[in-house]
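>>> I need the structure of the sequence given here:
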Amino acid sequence: MIATIKAEWRKSRLRPGFLIGAGVIAGITILVYAANWYLALHPLATRGGDRAIVSLATLYPDQFVNNVMGAAFPIGAAVAIVLGALFAGSEYGWGTVKTMFTQRPGRLTVWGGRLFVFGIWMLILTLVLFGVGAASSVVVASFQGHAITGPAAIDLAKGIGSIWLIFTVNGAIGLALGVLIRQSAAALGIGLTYVLAVEIIAVRIINLINNGQFKNVTEQFVNQNATALTQSFTSAAFGAAPSPAISADHAVLVLAAYGVGLVIVAAGLLRLRDVT
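Predicted structure coming up:
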């Protein structure tokens, strides 16, 4: 397993897809902070008078964990799906699957090593998100002359863990599709369509049936739980917010179940199917 992990890391450490993905995450985070900073400094005229639609208090370092959640989902989830599809499906297009599986170690060991490396990359993307978010919040606080005080360590740990879970689960969707379809292009297309359209439409339709009688069904969907998990990170600085319909504990359990289930299904396909 260790040799497999080392080999996979050498293959992927400079892979353009992962580097571009990290750049997209960093760019989105900077864009979110820049846009919110501008809106906070330039109040918009409303019927109730001049009112800033974004509070500067939400952009300071003590709130950056809560603030970066908006940059992580759904754009970050979409990036994770693309990377998962490329990571799993590209090997079929390159014709290297046969080489991997006709030499030692076995298929499941190779898959386990690949999953470990992919999880490391999802963690790297998460750390990029939080690192850029922290730096952006420090820049805002410095220009506004605000004291630089970081969030509580437990909140930071929970935030990193939550986003890592969301990235990994959505990446697992791409991985499973890449293995199922045996190519990357169709896998990432189907994955993006699901995360950006299919699930949203399905949730709306189910919620309309019998006045929402089957709403509990929608609480088992991936992105419904990912949204609830990100919305659980808030504070008084963001104003009053309704309580999420799905608890954070429920969201973590559902997402973890999806992640484990998807990689097991993909492992079964790799183990049983012919590699050609």
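
>>> next secondary structure after whatever helix or strand residue 8 lives in?
Counting by DSSP states H and E, the element that carries residue 8 is helix 2-12. Under the assignment DSSP H and E, the closest C-terminal helix or strand after helix 2-12 is helix 16-41.

>>> tell me what that next one is packed against?
Judged by 3 or more Cβ pairs under 8 Å, 6 or more residues apart in numbering; DSSP states H and E, helix 16-41 is in contact with helix 64-71, helix 77-94, helix 107-144. Glycine gets a C-beta too; all of them are placed from N, C-alpha and C.

>>> now those helices as CSV including mean neighbour count?
What follows is the helices and strands packed on helix 16-41, written out as CSV (neighbours: other Cβ atoms under 10 Å):
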stretch, mean neighbour count
helix 64-71, 24
helix 77-94, 24
helix 107-144, 19
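
>>> tell me, how many residues neighbour residue 205?
When neighbours are counted by other Cβ atoms under 10 Å, residue 205 registers 11.

>>> just checking, what packs against the helix or strand hosting it?
Secondary structure assignment for residue 205, by DSSP H and E: helix 199-208. In terms of contact count using 3+ Cβ pairs under 8 Å, 6+ apart, helix 199-208 is assigned the packing partners helix 215-218, helix 222-231.

>>> quick one, which of those helices gets closest to residue 123.
When the helices and strands packed on helix 199-208 are compared for distance to residue 123 using Cβ to Cβ, the nearest one is helix 222-231, at 16.8 Å.

>>> could you identify the helix or strand that succeeds the closest one?
Towards the C-terminus, the helix or strand next in line after helix 222-231, according to DSSP H and E, is helix 248-272.

>>> my guess is residue 224 contacts residue 200, does it?
No. The pair formed by residue 224 and residue 200 falls short of the contact definition of Cβ atoms under 8 Å, at 9.5 Å.

>>> more neighbours, those two?
Under the criterion of other Cβ under 10 Å, the comparison of residue 224 against residue 200 puts residue 224 first, with 21 against 15.

>>> now do that one against residue 99, distance only.
Using Cβ to Cβ, to the nearest Å, we find residue 224 at a distance of 40 Å from residue 99.

>>> so which bits of the helix holding residue 8 are buried?
By neighbour count with 16 or more other Cβ atoms under 10 Å, helix 2-12 contains the buried residues 4, 5, 8, 12.

>>> before we move on, what about stretch 170-189?
Buried residues in stretch 170-189 (16+ other Cβ under 10 Å): 170-184, 187-188.

>>> same thing with stretch 218-234?
Taking 16+ other Cβ under 10 Å as the neighbour-count basis, stretch 218-234 is seen to contain the buried residues 218-219, 221-234.

>>> likewise stretch 197-216?
The neighbour-count criterion (16+ other Cβ under 10 Å) identifies 199, 203, 206 as the buried residues of stretch 197-216.

>>> now do stretch 259-276, average pLDDT.
For stretch 259-276, the mean pLDDT works out to 86.

>>> alright, that wraps it up for me.
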